[in-house]
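Undergrad: here's a sequence, model it:
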Amino acid sequence: MQRFPFLRLASFLLLLLSLLSCGERSGPQGKEAGTGITPAKQQPVKTEADAPPADGPNIVVELPTRGQKVSGGFVLKGEARTFENTVSYRVVGEGGERVAEGNLMAVGDAGTMNPFTTEVALPGKYAGRATLEVFQYSARDGRPIDVVKIPIAVRDQPPAAATGGATIRVFFANSSMNGNGDCRNVFSVERPRGASPAVAEHALRELLAGPSSSDREAGYATELPRGVELLGIRITNGVAVANFSRQLRSSAGACRAEAIRAQIERTLFQFPSVQSVVIQVEGNEEEVLEP
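TA: All right, here's what the predicted structure looks like:
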């Protein structure tokens, strides 16, 4: 008779152990069976497009400013941290057309924010709202990344001969604006057109006169030798032939020769009638501006 209480107690303990075992196997939802441990959530992997730069944006544009009105061209200035220091840009019109595009180099050590400056020339055929896009191409898949968009307004560029009040542009070197050190980078300043109908000749004479005192204070300089005179210029079938005195031969060094050629060519290319430029010294175009 004394065995029955013991059997009842043993049966109760077995039943209790069975219930506890079932509770562990069918525990709270999301826990591993038999462990009571909730598996960790899988975190999404950020792609190149999702991941922001660790030290701020990779491209910063200082000029032009948002909404700036431009005519004929503008200075593009800023800083960039890009692959191989290469920066690309394009100007896109309202209809999606490419108004201008190009590439430039920032100057400095790789992996740091480095300055860049260039002058973007705009053809006279487009006027209206546009967007300047500055970016780099992905080294992984070639798509544009780090795109900075600056809205600008492109104004009509009046023909130089249309009015005596119009201005012309002459081009000089400017080391403070030439961030990438390219010898052919030259930058424009405006001059009054004057009353002369020979506007290309007038522009070259203004170029030979050199930068004004205010231009020099702003960092502009000329690479043209002193005493150079314009002997004549003619434009035939889109070809401008500019003839200079023998002092033009006194330039020395490849970089200076490239800068002089750029000053002359950019000054003449502002006129729609000029498609190419030939530079002569006393009627001879051989070995002109050779280093």
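
Undergrad: all strands for this structure, in order.
TA: Across the chain, reading from the start of the chain, the strands by DSSP state E fall at 59-63, 68-70, 73-80, 86-93, 98-105, 114-121, 128-137, 144-154, 167-174, 187-192, 220-221, 230-236, 239-244, 276-281.

Undergrad: please produce TSV containing those strands, extended by distance to A254 and mean neighbour count.
TA: Where C-beta positions appear, they are placed from N, C-alpha and C, glycine not excepted. Rendered in TSV, the data for these read as follows (distance: least, C-beta to C-beta, whole Å; neighbours: other C-beta atoms under 10 Å):
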stretch	distance to A254	mean neighbour count
strand 59-63	29	17
strand 68-70	32	14
strand 73-80	25	21
strand 86-93	23	19
strand 98-105	18	16
strand 114-121	20	20
strand 128-137	29	18
strand 144-154	34	16
strand 167-174	15	22
strand 187-192	20	17
strand 220-221	18	18
strand 230-236	24	14
strand 239-244	19	20
strand 276-281	16	16
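
Undergrad: list just the one of these that sits closest to V288.
TA: When the strands of the chain are compared for distance to V288 using C-beta to C-beta, the nearest one is strand 276-281, at 5.2 Å.

Undergrad: which other helices and strands contact that closest one?
TA: Applying 3 or more C-beta pairs under 8 Å, 6 or more residues apart in numbering; DSSP states H and E, we find strand 276-281 packed against strand 239-244, helix 254-269.

Undergrad: can you add mean pLDDT and give the ones you listed back as a markdown table?
TA: Written out in a markdown table, the entries for those read as follows (pLDDT from 0 to 100):
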| stretch | mean pLDDT |
| --- | --- |
| strand 239-244 | 92 |
| helix 254-269 | 91 |
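
Undergrad: of all those, which one comes closest to E84?
TA: Proximity to E84, assessed across the helices and strands packed on strand 276-281 by C-beta to C-beta, is greatest for helix 254-269 (22.0 Å).

Undergrad: and the angle for the closest one with strand 73-80?
TA: Direction vectors for helix 254-269 and strand 73-80, defined by axes from the mean of the first three to the mean of the last three C-alpha atoms, to 10 degrees, enclose an angle of 140 degrees.

Undergrad: can you redo the helices and strands packed on strand 276-281 as JSON lines with distance to V60?
TA: Supplementary listing: those in JSON lines, determined by distance: least, C-beta to C-beta, whole Å:
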{"stretch": "strand 239-244", "distance to V60": "38"}
{"stretch": "helix 254-269", "distance to V60": "27"}
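
Undergrad: out of these, nearest to R169?
TA: Relative to R169, the nearest member of the helices and strands packed on strand 276-281 by C-beta to C-beta is helix 254-269, separated by 7.0 Å.

Undergrad: what ranges in the protein fall below the confidence cut-off?
TA: Within the chain, the ranges that satisfy pLDDT under 70 run 1-54, 124, 157-165, 179-180, 196, 251-252, 291.
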